[in-house]
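Novice: quick one: sequence and predicted model below, then my questions.
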Amino acid sequence: MLVWEIVVFVAGALIALLIVLSAVRTVAVPRGEQVMLARVLFTVSGGLFSLLARLTRNPDRREAVRARFAPITMLLMPFVWALCVITGFSLMFWSLGVRPFRNALVLSGSSFTTLGFRSTDQTDELLLAIAEALLGLGLIALLLSFMPALYSAFSRREALVSRLEVRAGQPPSSEELLLRAHRIGWLDSLADTWVGWELWFIEVEEAHTTYPALNYFRSPLAGRSWITAAGTVLDSASLLLSTVALPPTPEASLCIRSGYVALSRIAEFFGIDYDADPSPSDPISITREEWDAVCRRLEAEGVPLVADREQAWRDFAGWRVNYDKALTGICALVDAPFASWSSDRSPVGWPDARRPAD
């Protein structure tokens, strides 16, 4: 074997090895890791689907385009893996003497798919074909184990998001959640709600960093979103602790802490800029006027509010600042549907707090 043939063989082996490592890190490693191939694929696919969405005038069709982005991209990933592995082994077959390159490519494709439409009698080529066939079966096994885990995590995430519509309306808002709780006499009995969402945040953090594609999976119904639901719950807990005249609820505090940790780690995984240790006096994306408007509506419905509004505003801002940038940054990342105090003020989100007339 000539020197340049050795170089080609090594290059092919490296391509195949890197793809296998990429697949294992994407599917099998139970922790959040940045995988370059997956990142490039989602970036390119995301740009294409974003363009298609912008070119679609009908709001329902536009949402349908956005909803197809993540599943279609996930289904494309194994084909990209297969194409790269076949290319890598084609280079190795070519360096072993299978000429022209078309024959090496056909032999590699036959070996990877185990269809057997092309074979060889050479021992070294046969061993390489067996190795590629085993590798192809391994990648298929990884995919078969990955998809059920992904959709199971998606289903568990959406169960609580769907329940939020009953309590906070559609699109959800913290104001509506507190008003509905007050109307049915549950305003001082929301401890179970905060506990449930605290556990939800813990699971979302683990799932959305282990399976980054899950961040882009949209809810079954247009208008619902896991990230706007998260923002609604966090703002509701912040308003309850700062503005509503009720005894402090430790479950609400723990829920906010859990949500802050989850959103911060997701934001960190995607490189979203946020302050890991903000000051309570740092600015937030909610204005005092918006907060005052919510206070007036709560008060008009008979919700008891604290007398010192200045301190209440400072307390609310002190809670909100913990998750403000991470929340709005993730809303921009996933192109979340409209919801007040979250996607309506994300860096590339809705231009104001009113639902736009599509």
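Specialist: Everything's here; your move.
Novice: host element of residue 274?
Specialist: Using DSSP states H and E, no element contains residue 274; it sits outside every helix and strand.
Novice: spatially nearest residue to it (excluding sequence neighbours)?
Specialist: residue 325 (4.1 Å; Cβ to Cβ, 6 or more residues apart in numbering). No exception for glycine: its C-beta is placed from N, CA and C like everyone else's.
Novice: run through who's touching the strand or helix carrying the one you found.
Specialist: For residue 325, the host element (DSSP H and E) is helix 324-334. Contact with helix 324-334 is made by 215-216, 218, 225, 227-228, 230-231, 234, 260, 263-264, 266-267, 270, 272-275, 278, 284-286, 336, 342-343, 345-349, as judged by Cβ atoms under 8 Å, 6 or more residues apart in numbering.
Novice: from those residues, which would you call buried?
Specialist: For the contacts of helix 324-334, a neighbour count by 16 or more other Cβ atoms under 10 Å gives the buried set as 215-216, 218, 225, 227-228, 230-231, 234, 260, 263-264, 266-267, 270, 272, 274, 278, 284-286, 336, 342-343, 345-346, 349.
Novice: quick one: which of these sit in strands?
Specialist: Among the buried ones among the contacts of helix 324-334, none falls in strands (DSSP state E).
Novice: go ahead and flag the most central residue of this structure.
Specialist: The residue lying closest to the centre of the chain (Cα atoms, centre = their mean) is residue 215, at 1.0 Å.
Novice: measure that one to residue 209 for me?
Specialist: Plainly put, residue 215 is 9 Å away from residue 209 if you go by Cβ to Cβ, to the nearest Å.
Novice: ok, now residue 318?
Specialist: For residue 318, the distance to residue 209 - Cβ to Cβ - is 27 Å.
Novice: go on, residue 335?
Specialist: According to Cβ to Cβ, residue 335 stands 19 Å off from residue 209.
Novice: just confirm residue 245 contacts residue 302, I think it does.
Specialist: No: taking Cβ atoms under 8 Å as the definition, residue 245 is not a contact partner of residue 302, at 11.7 Å.
Novice: so which of the contacts of helix 324-334 sit within helices?
Specialist: Mapping the contacts of helix 324-334 onto helices (DSSP state H) picks out 227, 228, 230, 231, 234, 260, 263, 264, 266, 267.
Novice: let me have these in CSV, extended by pLDDT and distance to residue 115.
Specialist: Converted to CSV, these look like this (pLDDT from 0 to 100; distance: Cβ to Cβ, whole Å):
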residue, pLDDT, distance to residue 115
227, 97, 43
228, 97, 47
230, 98, 47
231, 97, 50
234, 98, 53
260, 96, 52
263, 97, 47
264, 96, 48
266, 96, 41
267, 95, 45
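Novice: what is the distance between stretch 88-103 and the centre of its chain?
Specialist: Centroid separation between stretch 88-103 and its chain, computed with Cα atoms, centre = their mean, to the nearest Å, is 40 Å.
Novice: residues of that stretch that come out buried?
Specialist: Of the residues in stretch 88-103, 88, 89, 90, 91, 92, 93, 94, 95, 96, 98 count as buried by neighbour count, 16+ other Cβ under 10 Å.
Novice: do stretch 12-26 as well
Specialist: By 16+ other Cβ under 10 Å, the buried positions in stretch 12-26 come out as 12, 13, 15, 16, 19, 20, 22, 23, 25, 26.
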